[in-house]
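Student: Let me see the structure of the following:
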Amino acid sequence: MPTRKQRRRREKSFRHEYELVEIDPETGEERPVDPAELRSEKPKRERPAAQRPAQQRRGRGRGREPQPPSWTRVVKRTALFAPLMAIFIYWTQSSSKNGVSPTAVLLNTVVLIAFFAPFSYLVDSMAYRFYARRMGKPPRGGGSKR
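Tutor: Below is the predicted model:
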């Protein structure tokens, strides 16, 4: 859907009649040019599906495929988010009159990490299982369910 600004610009270009003309260098006369003559036909080259980039082959709207869940990835993610959690806790609790002690911030951060890490692993494993089911692959790791 074009924006209002884009619509106004397009309407402006249609308000006036333009003629495409070519000036003859010998006589100096103008003669009309057909717009179809100006566009050159580009030959279409279709690459076979095997030569197309993988992103085009997968189709639109799909991101990268989820990796099997691993605790090392969860630990890295937790290490990235732990300082952000501590800063957020300090920032939200510092509005109290007495302030907040570093021990309380650390304790609250540890409690949040204790919930964040397993939940992050659970989300990774669910995303991978849904992806594997959709692609018809047997899920790796985790064993079989009965």
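
Student: what's the spacing between the residue nearest to residue 2 when sequence neighbours are not counted and residue 3?
Tutor: Spatial nearest neighbour of residue 2, chain neighbours left out: residue 10 (7.2 Å); criterion: C-beta to C-beta, 6 or more residues apart in numbering. From N, CA and C alone the C-beta is placed, and that goes for glycine too. Using C-beta to C-beta, to the nearest Å, residue 10 is found at 11 Å from residue 3.

Student: try residue 77
Tutor: 38 Å.

Student: So which of the two has more stuff around it?
Tutor: residue 77 (15 against 8; other C-beta atoms under 10 Å).

Student: Just the C-alphas of the strand or helix carrying residue 88, formatted as CSV.
Tutor: Taking DSSP states H and E as the definition, residue 88 sits inside helix 71-93. Output in CSV follows, covering the C-alpha atoms of helix 71-93 (Å, rounded to 0.1, in the frame of the first residue of the first chain):
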residue,chain,number,x,y,z
TRP,A,71,23.2,-26.3,27.2
THR,A,72,26.3,-24.5,25.9
ARG,A,73,24.1,-22.2,23.8
VAL,A,74,21.9,-21.6,26.8
VAL,A,75,24.9,-20.8,29.0
LYS,A,76,26.2,-18.3,26.4
ARG,A,77,22.7,-16.7,26.1
THR,A,78,22.4,-16.5,29.9
ALA,A,79,25.9,-14.9,30.2
LEU,A,80,24.7,-12.3,27.7
PHE,A,81,21.5,-11.5,29.5
ALA,A,82,22.7,-11.8,33.1
PRO,A,83,24.3,-8.3,33.2
LEU,A,84,21.3,-6.8,31.5
MET,A,85,19.0,-8.4,34.1
ALA,A,86,21.3,-7.0,36.9
ILE,A,87,21.2,-3.5,35.4
PHE,A,88,17.4,-3.7,35.0
ILE,A,89,17.0,-4.9,38.6
TYR,A,90,19.2,-2.1,39.9
TRP,A,91,17.4,0.5,37.8
THR,A,92,13.9,-0.6,38.9
GLN,A,93,14.8,-1.0,42.6
